[in-house]
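J.: predicted model and sequence below, questions to follow.
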Amino acid sequence: DTAVSQTPKYLVTQMGNDKSIKCEQNLGHDTMYWYKQDSKKFLKIMFSYNNKELIINETVPNRFSPKSPDKAHLNLHINSLELGDSAVYFCASSQQMNMNTEAFFGQGTRLTVV
Amino acid sequence: EDQVTQSPEALRLQEGESSSLNCSYTVSGLRGLFWYRQDPGKGPEFLFTLYSAGEEKEKERLKATLTKKESFLHITAPKPEDSATYLCAVLGNQGGKLIFGQGTELSVKP
């Protein structure tokens, strides 16, 4: 039973399109994140939500809009996709933001913009 | 600004050849240092958390240690299945975000 699951695993789309990536966690965690991994494998945080409330928004273009309908879900919507958005996007969750516990990651969504 | 640097970027070992991976960090108030393993096409998989200098954690052939400036991941008698990218991350006082290093890609040949 997958702890953090995200869909789709692969996404190929044209420049200018709008797309969404969905994420769900069944760990009962309060905090969820979106990370971006570039071609050099460097993982950088984009957003974090704690119990449906936006906590971290890291200098991300406003074409990226996260949405958390409940604390088990954090979706990422991207408008007007650009070539530079091509990367692997990871969803993650952790128990609580103010606890020093590890984050659990999904399997990633490889986004290719052509 | 919190920062993590891992070395080497890539490491090739023969099966059974022990070695260490380095993670140097600067952070305002370390709340935790985390090691992850990432296989190709998969998400990072949690290995260890270290909280204070002098702490050590072990799991099978892996042992993680922590000082005030760096952490080491020691691999004893590695096997080909240990081949992966190993990521180090720190959690500081900047409010709940993991800062990752660029990873060390480990390849173990039989």
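T.: Noted; the coordinates are in hand.
J.: now whatever residue of chain B ends up closest to chain A: phi and psi?
T.: Closest contact between chain B and chain A, by CB to the nearest CB, is at residue B:43 (3.5 Å). For glycine as for every other residue, the C-beta is placed from the backbone atoms N, C-alpha and C. Dihedral angles of residue B:43 (phi, psi; degrees, to the nearest 10) stand at phi -80, psi 160.
J.: can you list contacts of the helix or strand of chain B with the lowest mean pLDDT?
T.: Sorting the helices and strands of chain B by mean pLDDT, DSSP states H and E puts strand B:98-100 at the bottom, at a mean of 92. Applying CB atoms under 8 Å, 6 or more residues apart in numbering or on different chains, the contact partners of strand B:98-100 are A:42-45, A:103, B:2-4, B:27, B:34, B:87-92.
J.: of those residues, grab the buried ones for PyMOL.
T.: The PyMOL command for the buried members of the contacts of strand B:98-100 (criterion: 16 or more other CB atoms under 10 Å in any protein chain shown) is given here:
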select buried, (chain A and resi 43+44+45+103) or (chain B and resi 2+4+27+34+87+88+89+90+91+92)
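J.: farthest pair in the contacts of strand B:98-100?
T.: For these, the farthest-apart pair by CB to CB is A:103 and B:3; their separation is 18.8 Å.
J.: follow-up on the earlier one: now the least confident helix or strand of chain B, how far from the centre of its chain.
T.: Put simply, strand B:98-100 sits 12 Å off its chain's centre (CA atoms, centre = their mean, to the nearest Å).
J.: what's the answer for stretch A:95-113, then?
T.: On CA atoms, centre = their mean, the centre of stretch A:95-113 falls 7 Å from the chain's centre.
J.: what of stretch B:96-110?
T.: 6 Å.
J.: what comes up buried for that stretch?
T.: B:96, B:97, B:98, B:99, B:100, B:101, B:102, B:103, B:104, B:105, B:106, B:108.
J.: same question for stretch A:72-82.
T.: Per 16+ other CB under 10 Å, stretch A:72-82 contains these buried residues: A:72, A:73, A:74, A:75, A:76, A:78, A:81.
J.: hmm, that stretch in reach of chain B?
T.: No. Stretch A:72-82 does not reach chain B (CB under 8 Å from any CB of the partner chain); its nearest approach is 14.3 Å.
J.: and that stretch, C-alpha only, in PDB?
T.: Once non-C-alpha atoms are left out, stretch A:72-82 reads as follows in PDB (Å, rounded to 0.1, in the frame of the first residue of the first chain):
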ATOM      1  CA  ALA A  72      -4.100  14.100   2.700                       C
ATOM      2  CA  HIS A  73      -4.000  15.700  -0.700                       C
ATOM      3  CA  LEU A  74      -1.700  18.300  -2.300                       C
ATOM      4  CA  ASN A  75      -2.100  18.900  -6.000                       C
ATOM      5  CA  LEU A  76       0.100  21.100  -8.200                       C
ATOM      6  CA  HIS A  77      -1.400  23.000 -11.100                       C
ATOM      7  CA  ILE A  78       0.900  24.600 -13.700                       C
ATOM      8  CA  ASN A  79      -0.300  27.200 -16.200                       C
ATOM      9  CA  SER A  80       1.300  28.200 -19.500                       C
ATOM     10  CA  LEU A  81       4.000  25.500 -19.400                       C
ATOM     11  CA  GLU A  82       7.500  26.500 -20.500                       C
END
